[in-house]
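1. Fold the following for me, if possible:
(chains A, B, C and D)
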Protein chains: 2
Amino acid sequence: MADVPPATAPSEVARSNLAETMATIRDVAKRAGVAPITVSRVLNNSGYVSAATRARVEQAAADLNFVPNMLAHSLRSNRTNTLALVVTDITNPFWTTVARGVEDVASDQNFNVIFCNTDESEEKQAQYLSMLLRRRVDGVLLVPASSAGDAVRALQAQDVKVVVLDRQVAGVEVDTVRGDSVAGARHLAEHLLQLGHRRIAMLAGPESLSVTAQRVAGYQEALQAWHVAVDPSLIRYGAFTVESGYVMANEVLALQPRPTALFAANNFIAAGALRALRAAALEVPEDISVVVFDELPNPYGDEPRLSAAIQPAYDLGQTATRLLLQRITGEAPEAYQDIVLPTELAVRTSSRRLAAEQA
Amino acid sequence: MADVPPATAPSEVARSNLAETMATIRDVAKRAGVAPITVSRVLNNSGYVSAATRARVEQAAADLNFVPNMLAHSLRSNRTNTLALVVTDITNPFWTTVARGVEDVASDQNFNVIFCNTDESEEKQAQYLSMLLRRRVDGVLLVPASSAGDAVRALQAQDVKVVVLDRQVAGVEVDTVRGDSVAGARHLAEHLLQLGHRRIAMLAGPESLSVTAQRVAGYQEALQAWHVAVDPSLIRYGAFTVESGYVMANEVLALQPRPTALFAANNFIAAGALRALRAAALEVPEDISVVVFDELPNPYGDEPRLSAAIQPAYDLGQTATRLLLQRITGEAPEAYQDIVLPTELAVRTSSRRLAAEQA
DNA sequence: CTGAAAGCGCTTACAG
DNA sequence: CTGAAAGCGCTTACAG
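-> Predicted coordinates:
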């Protein structure tokens, strides 16, 4: 160890600020008096290395301020330690929470996460996926913009592991992690029925999505169980956006007789519906009730709070990522999984409602 | 074109599902009857290529379902087209909105974004940055966990471009994009002073951060302009978390005389403070006023809404990313920038407050 | 406008 | 336990 050649001190290296000076595995090998492959073994903890050699290599790497080049590693080893999270809009707090669950599990296993917003556009989705293929990401967590399986198949064809989040796609074998939309919707509708509502408008999402179909199905199941006829004019399809919620709410408010309750199929739809109700000077819950699938966080604790079917967003992100990582490392069960997480019915009675009930 | 050798049809390639079958630039070159470098030129739109050659190469690439390997590209060209966004917690809607601004600008320029949550931990931050160096990301948007410049310097030393978001760091030349904390805080405090408040408690963030110092400074400036003595016991330092807001609020509520208004230095602190007020059965704004720097979205439009100093989060993300991309491509002005975006004072008078004032 | 050669910085696959 | 050789799939730097 005494005959190690003199080298630039680490601080000088750091100060030099030139990409050309960046040490490579070969420089480390030279300084430690070993072959590059030995350095590789030390850094990756792969294969046998004697303790003495390991120490010498680690010292040399530290001396040279060595930063391994992961691109070269990935190119050779066919592993990028990179995942992608493709959601509709990270700005929706539901997806934000999912994203946090994903990132926590991924970074714990030395994976990084690229995030992408499709805004429910198949074109944007296709562009992102093509980019991700070029990057050779190891896996993709996909909230598909359509229920067509092409996107999933395109990834699988290039040996990219996929877990579909939240929604189901048709005609492809693939792992899926999602909330229980049917039961969640049924519970919400039952809650309204128990409160005495019989004209419940369903403000649904895009008709083509599995979650939409399932939430509508849960709503219909509840009505049928209570022997309430399903009125098709009370079911509206649109988008999972504030604007669409506003439009759909106005449509059903124009019906005669007016519905006594609104079922918003997601949080943004609920926000739009509430805006429409304010514009119509209708009070919640005195004039009309509102329930929501998912929720918008109400961090200031203000009223009125809507009863909601809450999906475990953080858990969903974590569970999906664990499964994806298992697929990548080959530790997952052979059969594709369809993991359905239960929703929680949060019944909220505002003080205004309490006051109204006491009157 | 008639003498092009027969090749596997694209659908067969897609079906084969084996990484080994993935076409390379060499396969495309062979099929198009050109050299690999020519394929490279076509795909990257670099250098001269005749229209006929270009067409042949594009046809061959399509036939083979060719997906360029970006790892190889990056290894050779020293460009990864990858940015990283290092924030404290993507779950805070302020950072979520920033993130969306970042991603929109980045994807528009064919960059992808890796996101990282430090939870204000310097250790986590160091781990992420070391990972990002190994990945050779082109640039990092950093919300520094401390005001020490080491992290920034470590990145710059490896030729990674950096834009510091929201906060300032000491002792390093670096681009910064942030909201105007001093003016924003001054406006909020002035608003309270105009309403007649004289005992205004400041629930501040971590004492070591520039934003904390600046928001406290703005608060003090306003008091001095109104000739109100600054009472140090009314200024509390903590963390930008709900828990800390709760603790700090309880501390100042125990003071005699009690403050008549609370200034929350960020949205999560406000949420915690409101929780403390509810626990103490204090009504906002009848019993005590609350203002907040940044805000938590109030998507359902519920009351009471807090007056807030709102930073343009989406714009901040976009502006920082544009600057970062300019640095990477060498289009940015030579001098480091310190871009300060104005905050907007949103004065909110709840109907309850209106009623209280009319009474 | 096009190409042959070399190399980016690692790891794989052998060999001893 | 360690290493020499080859190669991952591109682009750089020349050359013509």
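
2. so where's the stretch 201-350 of chain A shaky on pLDDT?
-> A:299-304, A:350 (pLDDT under 70).

3. Number of residues surrounding the residue of it found nearest DNA strand C?
-> Residue of the stretch 201-350 of chain A nearest DNA strand C, by CB to the nearest atom of the strand: A:Thr329 (13.4 Å). All C-beta spots, glycine's among them, are computed from the backbone N, C-alpha and C. Around A:Thr329 there are 12 other residues, counting by other CB atoms under 10 Å in any protein chain shown.

4. For the residue nearest the centre of chain A, pull up the helix or strand it's in.
-> In chain A, the centroid-proximal residue (CA atoms, centre = their mean) is A:Val98; its distance is 4.3 Å. A:Val98 is part of helix A:93-108, with elements assigned from DSSP states H and E.

5. what comes up buried for that helix?
-> For helix A:93-108, burial by neighbour count (16 or more other CB atoms under 10 Å in any protein chain shown) applies to A:93-107.

6. hmm, back to that, residues contacting the residue nearest to the centre of chain A?
-> Counting by CB atoms under 8 Å, 6 or more residues apart in numbering or on different chains, A:Val98 makes contact with A:Leu85, A:Val87, A:Leu165, A:Ala313, A:Tyr314, A:Leu316, A:Gly317.

7. give me that answer again for 6 Å
-> A:Ala313, A:Leu316, A:Gly317 (CB atoms under 6 Å, 6 or more residues apart in numbering or on different chains).

8. need the helices for the stretch 1-150 of chain A, in chain order.
-> A:10-16, A:25-32, A:36-44, A:51-63, A:70-77, A:93-108, A:122-135, A:150-157 (DSSP state H, counting those that start in this stretch).

9. hey, which of these is tucked in deepest?
-> Across the helices of the stretch 1-150 of chain A, the average number of neighbours (mean count of other CB atoms under 10 Å in any protein chain shown) peaks for helix A:93-108, which reaches a mean of 22.

10. and the helix holding A:Val98, how far from the chain's centre?
-> Its chain's C-alpha centre and that of helix A:93-108 lie 7 Å apart, by CA atoms, centre = their mean, to the nearest Å.

11. and the angle from that helix to helix B:93-108?
-> In terms of direction (axes from the mean of the first three to the mean of the last three CA atoms, to 10 degrees), helix A:93-108 departs from helix B:93-108 by 80 degrees.

12. Also compute the angle for helix A:93-108 relative to helix B:122-135, please.
-> 80 degrees.

13. Return the residues of the stretch 1-150 of chain A in contact with DNA strand D.
-> A:33-38, A:41, A:47-50, A:52-53, A:72, A:75-76 (CB under 7 Å from any atom of the strand).

14. before we move on, back to that, and the gap between the residue of the stretch 201-350 of chain A closest to DNA strand C and A:Asn110?
-> 12 Å (CB to CB, to the nearest Å).

15. now stretch A:60-77, how far from the centre of its chain.
-> Taking mean C-alpha positions (CA atoms, centre = their mean), stretch A:60-77 and its chain are 31 Å apart.

16. got it, and stretch A:130-138?
-> 18 Å.

17. Residues touching it, excluding its own?
-> Taking CB under 6 Å, 6+ apart as the rule, stretch A:130-138 contacts A:Thr80, A:Thr82, A:Ala84, A:Gln158, A:Ile328, B:Val67, B:Pro68, B:Met70, B:Leu71.

18. which pair in those spans the largest distance?
-> Greatest spatial distance among the contacts of stretch A:130-138 (CB to CB): A:Ile328 and B:Pro68, at 22.0 Å.

19. Got the confidence number for the residue nearest to the centre of chain A?
-> Listed pLDDT for A:Val98 reads 97.

20. What's the separation between it and A:Phe268?
-> Counting by CB to CB, the gap from A:Val98 to A:Phe268 is 15 Å.

21. Domain boundaries for chain A, per the record?
-> Per automatic domain parsing, the structural domains of chain A span A:10-68, A:82-178+A:313-341, A:181-311+A:345-358.

22. any idea which of the contacts of stretch A:130-138 is the one closest to DNA strand C?
-> For the contacts of stretch A:130-138, the nearest to DNA strand C is B:Leu71 (8.5 Å; CB to the nearest atom of the strand).
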